[in-house]
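In: Provided below are the primary sequence and the corresponding predicted coordinates.
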Amino acid sequence: MNRQHPHKHISLQPSYILHTRPYRDSSLLLEIFCRDHGRIGLVARGARSSKPRFAGLLQPFIPILLSWHGQGELATLRSAEPGGPAPLLAGDRLYSAFYLNELLLRLLQRADPHTRLFDAYITVLSALAESKKEEESLRHFEQVLLQEIGYGLILDHDVETGEAIDTRLQYTYILDRGPVLWQKNTQQGIIIQGKTLQAIAANHYPDSETRRQAKHLMRSALAVHLGGRPLKSRELYRKQRFL
């Protein structure tokens with residue numbers, strides 16, 4: 001269900017550009033992610049002219065303060081101001097950042113606020129820029145995204161017995177239900193250690209096997225909601241370590 005609501009005048013909204021594309025002779029169509037309004041479509045008139053109004057600001061991953069007016073599917077950008085220093089992203093980390101933007105574009109509905117997810121986005125961009133806890137930040141972002149769109153993972157109990165997850169045991173995670181104790185004759189779901197479910201819940205990954213299992217579970221859970229279409233960011237860089 002589209003939750004786009006009319007906007008009259010919005011001023012200095014903390015935002016990030018998710019995607020841009022040319023529009024008419026000299027304008028741009030923007031998809032933005034902002035703190036209080038979620039994903040919004042804007043038209044930036046004259047942004048591609050010989051004297052662009054918003055030179056250098058309408059780029060992904062740069063924190064900006066946007067003001068706009070209008071209503072319906074496309075509002076009109078009035079002003080753009082710097083909102084803080086831009087993170088320095090290159091190589092693997094840049095592809096990871098494009099992956100985040102693609103998830104937001106594909107999975108968020110218009111005008112559906114997600115302030116917690118916005119904060120998680122800022123955190124993961126900072127981690128990527130500083131090369132600190134990159135993988136933990138990506139997994140945390142994915143987890144928050146699933147929660148915010150209404151499909152959060154169950155990580156603390158067996159959905160059949162109600163018993164707390166035992167870190168010593170192995171489980172099968174059934175994507176439309178949750179974790180159940182692993183049995184040899186189980187044909188569906190993702191085999192995962194109890195300690196990995198706990199690691200995801202705590203956002204702490206002490207070893208490579210835990211990180212591998214967590215990435216596989218997150219990727220599988222997100223794929224259910226991506227409609228079978230592959231992510232372009234993965235196609236561009238298939239050997240990225242963390243995607």
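Out: Cool, the structure landed.
In: need the strands for the chain, in chain order.
Out: When secondary structure is read from DSSP state E, the chain shows strands at 9-23, 27-34, 38-44, 64-69, 75-82, 170-174, 178-181, 190-193.
In: centre of the chain to the third one, how far?
Out: Translated: strand 38-44. Using Cα atoms, centre = their mean, to the nearest Å, the distance from the centre of strand 38-44 to the centre of the chain it belongs to is 17 Å.
In: give me the angle between it and strand 75-82.
Out: Here strand 38-44 runs at an angle of 100 degrees relative to strand 75-82 (axes from the mean of the first three to the mean of the last three Cα atoms, to 10 degrees).
In: longest helix anywhere in this protein?
Out: With DSSP state H applied, the helix covering the greatest number of residues in the chain is identified as helix 208-225.
In: which other helices and strands does it contact?
Out: Using 3 or more Cβ pairs under 8 Å, 6 or more residues apart in numbering; DSSP states H and E as the contact criterion, the neighbours of helix 208-225 among helices and strands are helix 92-107, helix 134-148, strand 190-193, helix 194-202. Where you see a C-beta, it was placed from the backbone N, CA and C, and this is true even at glycine.
In: averaged pLDDT, it. What do you get?
Out: Computed over helix 208-225, the mean pLDDT rounds to 95.
In: again, but for stretch 97-112
Out: Along stretch 97-112, the predicted confidence averages to a pLDDT of 95.
In: how far is it from where the chain is centred?
Out: Taking Cα atoms, centre = their mean, the mean C-alpha location of stretch 97-112 is offset from the chain mean by 6 Å.
In: low-confidence regions, the protein specifically.
Out: Low-confidence segments of the chain, defined by pLDDT under 70, span residues 1-7, 185-186, 236-243.
In: give me the domain ranges for it.
Out: Domains of the chain are assigned by automatic domain parsing as 9-82, 92-236.
In: need these in CSV (columns: mean neighbour count).
Out: Output for the domains of the chain, formatted as CSV (neighbours: other Cβ atoms under 10 Å):
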stretch, mean neighbour count
domain 9-82, 17
domain 92-236, 16
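In: still on that earlier bit, distance to Asp207 for the strands of the chain - can I get that in JSON lines?
Out: Converted to JSON lines, those look like this (distance: least, Cβ to Cβ, whole Å):
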{"stretch": "strand 9-23", "distance to Asp207": "33"}
{"stretch": "strand 27-34", "distance to Asp207": "33"}
{"stretch": "strand 38-44", "distance to Asp207": "36"}
{"stretch": "strand 64-69", "distance to Asp207": "39"}
{"stretch": "strand 75-82", "distance to Asp207": "41"}
{"stretch": "strand 170-174", "distance to Asp207": "16"}
{"stretch": "strand 178-181", "distance to Asp207": "20"}
{"stretch": "strand 190-193", "distance to Asp207": "11"}
